[in-house]
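Student: Here is a sequence together with a model predicted from it:
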Amino acid sequence: MSTTAQSRPRAAHGELRAPRDLTASPFLAAARGRRPARLPVWFMRQAGRSLPEYRALREGVPMLKALFDPEMIAEITLQPVRRLGVDAAVFFSDIVVPLVAAGIDVDIVPGTGPVVAAPVRDADAIARMPELDPARLEPVIEGTRLVVDRLGETPLIGFAGAPFTLASYLIEGGPSRTHERTKALMHSEPALWHDLAARLAGIAVTFLRGQVEAGADAVQLFDSWAGALTLREYREFVQPHSARVLAAVADLDVPRIHFGVGTGELLPAMRDAGADVVGVDWRVPLDEAVRRLTANGEPTPVVQGNLDPALLQASWPVIEAEVRRIAAEGRAAAAHIFNLGHGVPPGADPEVLTRIVELVHSLEP
Ligand SMILES: Cc1c2[nH]c(c1CCC(=O)O)Cc1[nH]c(c(CCC(=O)O)c1C)Cc1[nH]c(c(CCC(=O)O)c1C)Cc1[nH]c(c(C)c1CCC(=O)O)C2
């Protein structure tokens, strides 16, 4: 990663915006493999129902309406930055937003997640998969511009869903624990699988490029359900498509974070897909993750994670001890970005998250 954060002019409302000065950002320093002045921290799903101000703003507003309303996108993205004091904002969006923008009938059902009206399970349905016209993302991209205008010197993380996780929602029709229809199609109709995954990779690329060109300073590729795969399945059916997404945004010169859940056996393959930062879930200690990622002499990685989100309900002494342990383990990496090992649960106490940020900022990076 060569350029400084100031070197990329950003288009905003038709004119070039003076680039923000993010050279002091501990998050971007760590994401680029440099030991930061302080240990950076943000939380996956930091914008969401755990925040009373989020619940108030969303009252009576359907999720999909909020996700395509530039002002709501901007305000919701900023809420956790103001309240928690985190070192990065994460764009308020969802992995299904580009599918909705492409014209696919997906709804987000509270307490469930994405639900697909017509699951994609055969050659005809895959052949009918629409491409994503970037113009259909305009309200979302306008939301990105508004966020960047209001963020000051806090970097913005854009994101997209990885092809496998997106494909699972489309094939299963909604959330799944075992992804059996997805895996059956992957193994029984490999050509169909690769066609669908390639189309979803293209949609993810369009979504990520739009966010970065509108001002996002880093991206995260969420392959949340990749942990359902064997290493052989991952390498044969999934890694090539995630690698295509990460390669397709490499020219934008922003750090790329690659994250999944249950991915302890897949971490080297996920790093090999082209990540600058590997996001680790709570099951693998960070120093063990570094050992797995350097087993064949590879360069010491940058890692992100990995407090167990369930422990947010534990007593403060338990949380404090876990945070200190994770920060100590993270020192085995080239740099560490503190996070949870998955998203903030809806019932989390924002006061606890704020206290974690303060504790992390007091620890050695
Ligand atoms: C798998 C996945 C999805 N969406 C996403 C993923 C990958 C991240 C992860 O694994 O947690 C990505 C996502 N979606 C959302 C965020 C938060 C962004 C931010 O913090 O600014 C993120 C990072 C908004 C959202 N996306 C969703 C919510 C909850 C909607 C609400 O009721 O307010 C939020 C804040 C809905 C959603 N969307 C999805 C699920 C599983 C759910 C939860 C359903 C529920 O528990 O109600 C699909």
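Tutor: Alright, I've got the coordinates. Numbers count the residues shown, from 1 in each chain.

Student: before we move on, which element is the residue nearest the centre of the chain in?
Tutor: Residue closest to the mean C-alpha point of the chain, counted by Cα atoms, centre = their mean, is residue 220 at 3.7 Å. Assigned by DSSP states H and E, residue 220 falls within strand 218-223.

Student: can you count the residues close to residue 146?
Tutor: Residues within reach of residue 146, counting by other Cβ atoms under 10 Å, total 22. Every C-beta, even on glycine, is put in place using the N, C-alpha and C of the backbone.

Student: Now for it: which residues touch it?
Tutor: Neighbouring residues of residue 146 by Cβ atoms under 8 Å, 6 or more residues apart in numbering: 70, 71, 73, 74.

Student: buried ones in the helix or strand where it lies?
Tutor: With secondary structure defined by DSSP H and E, residue 146 is part of helix 138-151. Of all the residues in helix 138-151, those buried under the rule 16 or more other Cβ atoms under 10 Å are 139, 140, 141, 142, 143, 144, 145, 146, 147, 148, 151.

Student: which helices and strands does the strand holding residue 220 pack with?
Tutor: With contacts defined as 3 or more Cβ pairs under 8 Å, 6 or more residues apart in numbering; DSSP states H and E, the packing partners of strand 218-223 are helix 26-31, strand 156-161, helix 163-172, helix 190-213, helix 239-248, strand 256-260.

Student: Now render those as CSV, adding mean pLDDT and distance to the ligand.
Tutor: Below are the helices and strands packed on strand 218-223 laid out as CSV (pLDDT from 0 to 100; distance: least, Cβ to the nearest ligand atom, whole Å):
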stretch, mean pLDDT, distance to the ligand
helix 26-31, 98, 15
strand 156-161, 98, 6
helix 163-172, 98, 6
helix 190-213, 98, 12
helix 239-248, 98, 14
strand 256-260, 98, 8
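
Student: Around the ligand, which positions in the stretch 201-350 of the chain sit nearby?
Tutor: Contact residues, the stretch 201-350 of the chain versus the ligand (Cβ under 6 Å from any ligand atom): 222, 224, 342, 343.

Student: Does the residue of the chain most remote from its centre belong to a helix, a strand or coil?
Tutor: Distance from the centre of the chain peaks at residue 124, with 30.7 Å (Cα atoms, centre = their mean). Secondary structure assignment for residue 124 (DSSP: H, G, I helix; E, B strand; the rest coil): helix.
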